[in-house]
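K.L.:
the sequence isn't on hand, but the structure is:
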């Protein structure tokens, strides 16, 4: 904060800092800091806002129910356009009055650029006029600390933080940019006060959404968090749940989904699933699906039905995204051996005109066409066999879910013969259910170690025409004492003519962790590990199969 700002602007900036320092303190330490709590309470009271804004145990829903007018301010509060006007109140509220026209309600009030209430006895204005602020009047351009205001043992610095002996927001607290202090007649107003008010509301949203604490969580706490997250999304200009439904692990949506997944892990999931109303409010995410898949053997009745519904929702959402990516990827080359179909839509007008130019009649000024030319549009579609082998150990849950869905999409392509094998210490042939990723996921058992050679023993008999086969192996390739046997099998498959594609993982972020020993040997073999980003795998498979 520069010295060129008026004292009133310093006061508003300091009050915002009090609120945000208190927010940071509570985010990293649930214990209250008495000085920040009392200072923040005075600021909120001065703004005419309810004290419940400072209590993280009170949901935003409860605050809005008690103070309905705040709903309009909270919606759109964090949208970028709200920051454009320094004096524009959040939520589309009324424009604050001109501070130059603001008067103090106390005796002897005088208008000025930054009206404030009294700060106690013997304080004087910056103009040196000696006007006593004890009666509540003032209104010079700001309080001059050199004119009688004591900043040593309890006088207010503008934000309510005492520069000498701690926080002091008693009856002499300064309201900052034109509002009444704690002894004034009404809430603070003015452009600066609007920004302080916005800071108070933003702090409430951020504290309730991101301060999730530690330890066990009950169903009521999860429901309150989901409601608060919905208000946070509305503050960003979205519908409740809109940000969390975007999926992926990147960005703010991924953070919210991760927080919700953490809360679900810290409570009894079966308690949530047994309540249809609460289960319906869960946002399907990778972390939640992982937990459902791990715990599905212990679910029954209503809880199992709700778990299946959540898995189905997630599968459908991811499938829609992957299906679009597959459709957008380039298709196979034109097959020149297939004669063009002689229909109007395939007529090549440019070539037809060019080839018939010798038939031009200058007398008639006409082009006589004796032969039509058509475009060849048939695509070369080679019957291909796709063998997908995916590590289903706990560290590969993202890949298991994504590859299961991706395999089902490619299985729907014409003349594509898709096989799916999942393995940990055992290998499981999931080909009969490859068209239904939901059923595949219900048959997986996440966890355990790795035994790649067992999976290779199940996959090799499926290779009938090596030159017409692609094998995708998705794993982190941490095989420990089985590394050499697995690589020997992979090398033999590659030498036979099979196109072998090793993939570190399949997720939306592209992050992958691959055993360096395998990474180097795949590179030497001429089949380097491709990026873990799912778009890369989609391109590789589509270019081979179409």
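P.N.:
Noted; the coordinates are in hand. Since this is a predicted model, take the numbers as computed values, not measurements. Numbers count the residues shown, from 1 in each chain.
K.L.:
switch to C-alpha atoms for all contacts and neighbour counts from now on
P.N.:
OK.
K.L.:
which non-adjacent residue is nearest residue 487?
P.N.:
Once flanking residues are discounted, residue 487 sits nearest to residue 518: 7.7 Å by C-alpha to C-alpha, 6 or more residues apart in numbering.
K.L.:
measure that neighbour to residue 525 for me?
P.N.:
Noted for residue 518: a distance of 10 Å to residue 525, by C-alpha to C-alpha, to the nearest Å.
K.L.:
what's around residue 358, how many residues?
P.N.:
Counted by other C-alpha atoms under 10 Å, the residues lying close to residue 358 total 11.
K.L.:
quick one: secondary structure of it?
P.N.:
Here residue 358 is recorded as helix under DSSP: H, G, I helix; E, B strand; the rest coil.
K.L.:
before we move on, the earlier item: so what secondary structure elements neighbour the one helix or strand the residue nearest to residue 487 maps to?
P.N.:
Element membership for residue 518 (DSSP states H and E) is helix 516-525. Packing partners of helix 516-525 (3 or more C-alpha pairs under 8 Å, 6 or more residues apart in numbering; DSSP states H and E): helix 483-495.
K.L.:
contacts for the helix it packs on next, please.
P.N.:
If you take C-alpha atoms under 8 Å, 6 or more residues apart in numbering as the criterion, helix 483-495 is touched by 452, 453, 456, 460, 477, 500, 518, 525.
K.L.:
in strands, which of these fall?
P.N.:
If you go by DSSP state E, these have residue 500 in strands.
K.L.:
out of the contacts of helix 483-495, who has the most neighbours?
P.N.:
Comparing the contacts of helix 483-495 on neighbour count, residue 452 comes out first with 28 neighbours (neighbours: other C-alpha under 10 Å).
K.L.:
quick one, strands of this structure?
P.N.:
Secondary structure of the chain (DSSP E): strands at 161-162, 166-167, 360-361, 366-367, 384-391, 416-423, 427-429, 469-474, 499-503.
K.L.:
dump those into CSV; add mean pLDDT and distance to residue 241 as well.
P.N.:
Converted to CSV, these look like this (pLDDT from 0 to 100; distance: least, C-alpha to C-alpha, whole Å):
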stretch, mean pLDDT, distance to residue 241
strand 161-162, 38, 39
strand 166-167, 34, 40
strand 360-361, 90, 67
strand 366-367, 90, 64
strand 384-391, 87, 32
strand 416-423, 88, 33
strand 427-429, 90, 36
strand 469-474, 90, 32
strand 499-503, 90, 33
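K.L.:
tabulate those (JSON lines), appending distance to residue 312.
P.N.:
Putting those into JSON lines (distance: least, C-alpha to C-alpha, whole Å) gives the following:
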{"stretch": "strand 161-162", "distance to residue 312": "54"}
{"stretch": "strand 166-167", "distance to residue 312": "55"}
{"stretch": "strand 360-361", "distance to residue 312": "65"}
{"stretch": "strand 366-367", "distance to residue 312": "62"}
{"stretch": "strand 384-391", "distance to residue 312": "20"}
{"stretch": "strand 416-423", "distance to residue 312": "19"}
{"stretch": "strand 427-429", "distance to residue 312": "21"}
{"stretch": "strand 469-474", "distance to residue 312": "23"}
{"stretch": "strand 499-503", "distance to residue 312": "26"}
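K.L.:
nearest to residue 35, of these?
P.N.:
When the strands of the chain are compared by C-alpha to C-alpha, strand 166-167 sits nearest residue 35, at 5.6 Å.
K.L.:
in the chain, which helix has the most residues?
P.N.:
Using DSSP state H to define each element, the chain has its longest helix at helix 301-328.
K.L.:
buried residues in that helix?
P.N.:
303-304, 306-315, 318-319, 322-323, 326 (16 or more other C-alpha atoms under 10 Å).
K.L.:
which strands or helices does it pack on?
P.N.:
For helix 301-328, the packing partners by 3+ C-alpha pairs under 8 Å, 6+ apart come out as helix 269-273, helix 276-280, helix 286-295, helix 397-411, helix 437-442, helix 534-545.
K.L.:
how long is stretch 362-373 from one end to the other?
P.N.:
End-to-end span of stretch 362-373 (C-alpha to C-alpha): 23 Å.
K.L.:
lowest average confidence, helix or strand, in the protein?
P.N.:
strand 166-167 (a mean of 34; mean pLDDT, DSSP states H and E).
K.L.:
hang on, isn't residue 359 packed against residue 369?
P.N.:
Yes - counting by C-alpha atoms under 8 Å, residue 359 does reach residue 369; the two are 6.9 Å apart.
K.L.:
contacts for stretch 431-448?
P.N.:
Stretch 431-448 has contacts (C-alpha under 8 Å, 6+ apart) with 293-294, 296, 311-312, 315, 392-395, 397, 401, 404-405, 407-409, 411-412, 418-422, 424-425, 430.
K.L.:
rerun that using 7 Å as the cut-off
P.N.:
Stretch 431-448 has contacts (C-alpha atoms under 7 Å, 6 or more residues apart in numbering) with 293-294, 312, 315, 392-394, 404-405, 407-408, 411, 419-420, 424-425, 430.
K.L.:
and residue 271, how many neighbours?
P.N.:
13.
K.L.:
my bad, should have said residue 541
P.N.:
Number of residues near residue 541 (other C-alpha under 10 Å) recorded here: 18.
K.L.:
picking up where we left off before, could you pick out the buried ones from the contacts of stretch 431-448?
P.N.:
Buried, going by 16+ other C-alpha under 10 Å: 293-294, 312, 315, 392-394, 404-405, 407-408, 411, 419-420, 424-425, 430, out of the contacts of stretch 431-448.
K.L.:
quick one, the longest helix of the chain and helix 397-411 angle?
P.N.:
Interaxial angle, helix 301-328 versus helix 397-411 (axes from the mean of the first three to the mean of the last three C-alpha atoms, to 10 degrees): 60 degrees.
K.L.:
where does pLDDT dip in the stretch 251-400 of the chain?
P.N.:
267, 287, 325-338, 377-383, 394-397 (pLDDT under 70).
K.L.:
same thing but at 90, please
P.N.:
251-301, 303-351, 354-359, 361, 363-365, 367-386, 388, 390-400 (pLDDT under 90).
K.L.:
ok, for residue 503, nearest residue in space, not its chain neighbours?
P.N.:
Excluding its sequence neighbours, the residue lying closest to residue 503 (C-alpha to C-alpha, 6+ apart) is residue 474, at 4.7 Å.
K.L.:
still on that earlier bit, tell me which of the helices and strands packed on helix 301-328 sits most buried.
P.N.:
Among the helices and strands packed on helix 301-328, helix 397-411 has the highest mean neighbour count (mean count of other C-alpha atoms under 10 Å), at a mean of 23.
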